[in-house]
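Student: Requesting a structural model of the entry that follows:
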Amino acid sequence: MKRYLMTIFTGILLILSVNSYAKENCEECHKKITVSVSHESLNCIECHEPEGDHYAPAADFKINAKGCLKCHEEYEGMLKSPMHTRNKEKRYVKNVFEQYDPEFFGKNCEGCHVKSCVDCHAENNDPHKIAKPETSVCLKCHNDYYIGADYTGLGIREDHERYQRGIKVAGKYHQKMLPDVHYEKGMDCGECHTMKSLASGKRSGKVCKDCHSPDKEVFEHSIDAHLQKMACSTCHGAWAPVEYGTFWIKFEGDARKDYFRWLKSPSEDYRKSSYKRYNRRPHIGVNKDGRYAPIRPMFINVFSLIRNKRALFENKVLSYDYRVFAPHSIRRETRLCPTCHENKEAFLIYDNKSRIFMPEKDGMPFKSFKNGENANIINGRAVTPDEYRTIHDLYMDNKSLQLKKWNKLLDVFE
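Tutor: Residues are numbered from 1 along each chain as shown. Prediction:
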């Protein structure tokens with residue numbers, strides 16, 4: 001019994017000794033490390049578990065972020081977050097590109113992938129200075145065509161080198177646009193996209209009506225159909241980056257890549273460009289809840305394969321996908337009535353008379369990148385010509401509403 005008690009006592013002394021001197025022992029090699037105030041009371045081994053003859057990084061997802069989740073267990077769901085697993089993107093790439101390149105995702109899409117808590121929470125990229133991410137941290141991945149940069153008023157640029165100027169974020173040039181009103185008010189991304197919501201698999205912890213109630217004194221809000229049948233961002237989303245036609249050129253063997261040196265090179269085997277990229281009001285479709293909502297091309301993927309200086313095929317359309325989305329360019333002011341009710345192009349309904357670009361002359365199997373009949377709308381569907389006629393005719397037949405709107409506009413100038 002005495003020997004048993006001595007063993008327990010020795011073990012306790014050993015633990016106390018290790019905890020007491022762990023920091024000092026680590027600092028023999030790691031002399032310049034400064035820990036953030038929120039963690040300065042902790043010893044190194046309280047976060048860093050033994051791994052072989054050293055200690056593991058505390059926040060790496062490959063060890064299930066054990067060092068962080070010891071205290072922050074409520075965020076364990078982040079290990080299965082889309083920002084980490086990217087399962088939806090992988091499935092999409094597999095369906096579209098696998099027949100031509102099973103390694104397409106690894107070559108071209110692997111860059112933005114949360115692998116550790118400190119990818120977002122390391123202040124100035126120092127993993128020992130833990131902080132709540134500000135919007136600038138989110139923009140490391142959420143830039144260019146991906147939702148996020150538009151929140152701060154940064155739009156996409158055309159691919160051609162003549163347009164490679166302006167504000168540079170994460171190595172990409174952006175065009176200055178009107179920012180989201182919430183950004184102007186000083187709100188960071190995390191105020192809506194909370195850790196709790198992300199860890200539970202939700203994109204956001206809030207929706208518009210959690211903070212805002214429609215004011216019926218506002219003309220557009222006084223129309224019941226607007227509130228019942230439309231997503232808020234359909235009117236209040238001022239603009240969005242839009243890319244029509246994403247062109248991929250794959251090289252195999254002794255191909256002359258230098259002929260395409262002015263194009264973007266996402267990986268050694270590929271060059272990438274687009275038919276048209278610009279910043280505009282989003283098109284309108286119908287979301288899965290039956291409401292009119294913003295849509296834009298997810299990707300209209302066009303593929304060419306060059307093998308040993310010979311083009312095996314060119315401009316093969318692999319997907320024609322639009323997607324319901326939420327533009328982060330919210331403004332208090334909205335669209336004017338005619339931009340929807342007298343504009344069928346807003347609903348991806350086009351005719352030949354209004355066309356400027358003619359992709360069929362470049363070998364495309366369609367006449368427009370903006371045609372709802374061709375498009376697969378992810379999380380929704382396209383507006384039909386009959387639906388648009390109803391939208392148009394109800395407005396044109398109601399002269400009293402038009403007059404009321406114009407009187408409201410004239411009041412501004414009085």
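
Student: Please enumerate the helices of the stretch 301-414 of the chain.
Tutor: Secondary structure of the stretch 301-414 of the chain by DSSP state H, counting those that start in this stretch: the helices cover 338-341, 385-397, 399-412.

Student: Buried deepest among these, which one?
Tutor: helix 338-341 (a mean of 17; mean count of other CB atoms under 10 Å). Backbone N, C-alpha and C define where each C-beta goes, glycine included.

Student: what helices or strands is that helix leaning on?
Tutor: Packing partners of helix 338-341 (3 or more CB pairs under 8 Å, 6 or more residues apart in numbering; DSSP states H and E): helix 385-397.

Student: model confidence over the helix it packs on, on average?
Tutor: Helix 385-397 carries an average pLDDT of 91.

Student: ok so, going back, I'd like the helices of the stretch 301-414 of the chain laid out as a markdown table, including distance to Ser267.
Tutor: Output for these, formatted as a markdown table (distance: least, CB to CB, whole Å):
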| stretch | distance to Ser267 |
| --- | --- |
| helix 338-341 | 40 |
| helix 385-397 | 41 |
| helix 399-412 | 51 |
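
Student: quick one: which of those helices is nearest Asp321?
Tutor: The closest of the helices of the stretch 301-414 of the chain to Asp321 is helix 385-397. By CB to CB, the value is 20.9 Å.

Student: Now do the same for the closest residue to Asn376 other than its chain neighbours: its pLDDT.
Tutor: Leaving aside its sequence neighbours, Asn376 sits nearest to Asp321 (CB to CB, 6 or more residues apart in numbering; 5.1 Å). On the pLDDT scale, Asp321 is placed at 95.

Student: dump the residue contacts of Asp321.
Tutor: Shown in contact with Asp321 (CB atoms under 8 Å, 6 or more residues apart in numbering): 297-301, 375-378.

Student: if you set the cut-off to 10 Å instead, what comes out?
Tutor: 92, 96, 297-301, 375-378 (CB atoms under 10 Å, 6 or more residues apart in numbering).

Student: still on that earlier bit, tell me which of the helices of the stretch 301-414 of the chain approaches Lys353 most closely.
Tutor: Lys353 sits nearest to helix 385-397 of all these, at 15.3 Å, using CB to CB.

Student: which residues sit against the closest one?
Tutor: Here helix 385-397 makes contact (CB under 10 Å, 6+ apart) with 225, 229, 284, 286, 292, 337-338, 340-344, 346-349, 372-373, 383-384, 401-402.

Student: Show me the helices in the stretch 101-250 of the chain, by range?
Tutor: Under DSSP H, counting those that start in this stretch, the stretch 101-250 of the chain gives helices at 104-108, 118-121, 135-138, 181-184, 195-199, 208-211, 224-229, 232-236.

Student: May I see those arranged in TSV, with mean pLDDT and mean neighbour count as well?
Tutor: What follows is those, written out as TSV (pLDDT from 0 to 100; neighbours: other CB atoms under 10 Å):
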stretch	mean pLDDT	mean neighbour count
helix 104-108	94	17
helix 118-121	93	20
helix 135-138	93	17
helix 181-184	97	15
helix 195-199	92	17
helix 208-211	93	10
helix 224-229	93	12
helix 232-236	95	21
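
Student: what about those, which gets the closest to Tyr55?
Tutor: Distance to Tyr55, taken as CB to CB, is lowest for helix 118-121 among the helices of the stretch 101-250 of the chain, at 15.2 Å.

Student: list the helices and strands the closest one packs on?
Tutor: Judged by 3 or more CB pairs under 10 Å, 6 or more residues apart in numbering; DSSP states H and E, helix 118-121 is in contact with helix 82-85, helix 135-138, helix 195-199.
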